[in-house]
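S.K.: pasted the sequence and its predicted model underneath.
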Amino acid sequence: MIDTDTIDIQKIKESKVKSMDFANLEFGKTFSDHMFIMEYKDGKWQEARILPYQNLSMSPSASVIHYGQSAFEGMKAFKNKDGRFGLFRPDKNIARMNKSAVRLCMPEVPEDLFMEALTRLVQMDNSWIPTEELSSLYIRPVLFAVDDFIGVRASETYRFLIFTSPVNAYYTKPVRVKIERHFTRAAKGGTGYAKAAGNYAGSLYPAKLANQEGYDQLLWTDSKEHKYIEESGTMNVMFVVDGKLLTPELGDTILDGVTRDSVIQLAKDWGIEVEERRIEVEEILTAMKEDRLEEAFGCGTAATIAHIATIADGDRVYELPAVEDRKLSNKLSKYFVDLKKFRVEDEHNWMIELN
Ligand code: COI
């Protein structure tokens, strides 16, 4: 394993932060001054360094381009108006990145080195963490294969990067979702639980068709019968029916979301009954028809808590209750902002302060 004191640091000559308008950010389009990068070769991680954010160079035959050996993470740093800043549950993202790495036959990133890289990078670029209520610094770690070889086998060399991007909310209004009963995101035994780049590639065409019909996202169903709800394009999904919080149980096909896990914990803390189990589309449709569906929302790092405005099944479009009346999701949204801005007691030690 690499010695964490061996991260070489090369600072940008002049920061670009002065030209930033943090009030008008478009998700994923602006990148902060620096990035972390290291190489895996000869069976070990090496050449850990922080450099000015820049283009990469790789061979046209790099395996990632051909066979998609690549996984990423999404996490965030937050800062309040007093200048306190930190990461939300980075240990969960580090662990999930390594789970994805194992599934895609890539080397794991040593946890302490991962954390050291995150800490140094976010500290160096902390002037890029917006302090506005719903803003944050989105952090994108990514691990991919770089052998210049086009035979099909696991690569022997890899690159691991972390770069960051100041962001506002991913969804600026409640989302309209469509139940997907033909295409499949993930199947048992597949890579659905991993944050594999290819999972997202396969979802784009069905999502584009849904966009053309006026929907923001799909609600994926199981690959075998298209009968059970799984997750949405960029987030896990939750429903409040008869006062209970329902969410699809984890398994091969569902991403183990950090926000999902946090929502479940908070709901339990607040005395709400939580059921993690298989959820039939029919159960949700029936609850909607009988006015028993109180809330539906997506949750994810980028999406945070995203109210679902309508759910469509074929030609039927169901309007959900007014957003103002949604007690749990509104309480969760407020709690998460308060926690991330250090305004409430952090009972679960979820925030890792970096000042
Ligand atoms: C995240 O929530 O961090 C995601 O990875 C979702 C999306 C932006 C790909």
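M.R.: The structure has been received and is ready for your questions.
S.K.: can you list the residues of the stretch 201-350 of the chain near the ligand?
M.R.: 234, 300-303 (CB under 6 Å from any ligand atom). Yep, even glycine has a C-beta here, placed from its N, CA and C like the rest.
S.K.: return the subset of those residues lying in strands.
M.R.: Those of these mapping onto strands are residue 300, per DSSP state E.
S.K.: any chance of the residues of the stretch 201-350 of the chain next to the ligand in a markdown table, with pLDDT too?
M.R.: What follows is these, written out as a markdown table (pLDDT from 0 to 100):
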| residue | pLDDT |
| --- | --- |
| 234 | 90 |
| 300 | 97 |
| 301 | 96 |
| 302 | 94 |
| 303 | 93 |
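S.K.: ok, residue 268 - how many residues close by?
M.R.: 12 (other CB atoms under 10 Å).
S.K.: that older thread, biggest separation within the residues of the stretch 201-350 of the chain next to the ligand, which pair?
M.R.: The most widely separated members of these are 234 and 301, with 9.2 Å between them, by CB to CB.
S.K.: after the helix or strand hosting residue 161, next one along is what?
M.R.: Here residue 161, judged by DSSP states H and E, is contained in strand 158-167. The helix or strand immediately downstream of strand 158-167 is strand 175-179, counting by DSSP H and E.
S.K.: what about residue 318, which helix or strand?
M.R.: strand 316-319.
S.K.: how about that strand: buried residues?
M.R.: Neighbour counts over strand 316-319 (16 or more other CB atoms under 10 Å) mark residue 318 as buried.
S.K.: what pairs with that strand, and is each one parallel or antiparallel?
M.R.: Neighbouring strands of strand 316-319 in its sheet, by DSSP bridges, are strand 304-313 (antiparallel).
S.K.: avg pLDDT for the partner strand?
M.R.: For strand 304-313, mean pLDDT rounds to 97.
S.K.: report the contact partners of residue 106.
M.R.: For residue 106, the contact set (CB atoms under 8 Å, 6 or more residues apart in numbering) comprises 69, 71, 143-145, 154-155, 158.
S.K.: return the member of the residues you listed nearest to the ligand.
M.R.: residue 71 (10.8 Å; CB to the nearest ligand atom).
S.K.: pLDDT score assigned to the closest one?
M.R.: On the pLDDT scale, residue 71 is placed at 98.
S.K.: what is the neighbour count of the closest residue to the ligand within the chain?
M.R.: Relative to the ligand, the nearest point of the chain is residue 74 (1.8 Å; CB to the nearest ligand atom). By the measure other CB under 10 Å, the count of residues near residue 74 is 20.
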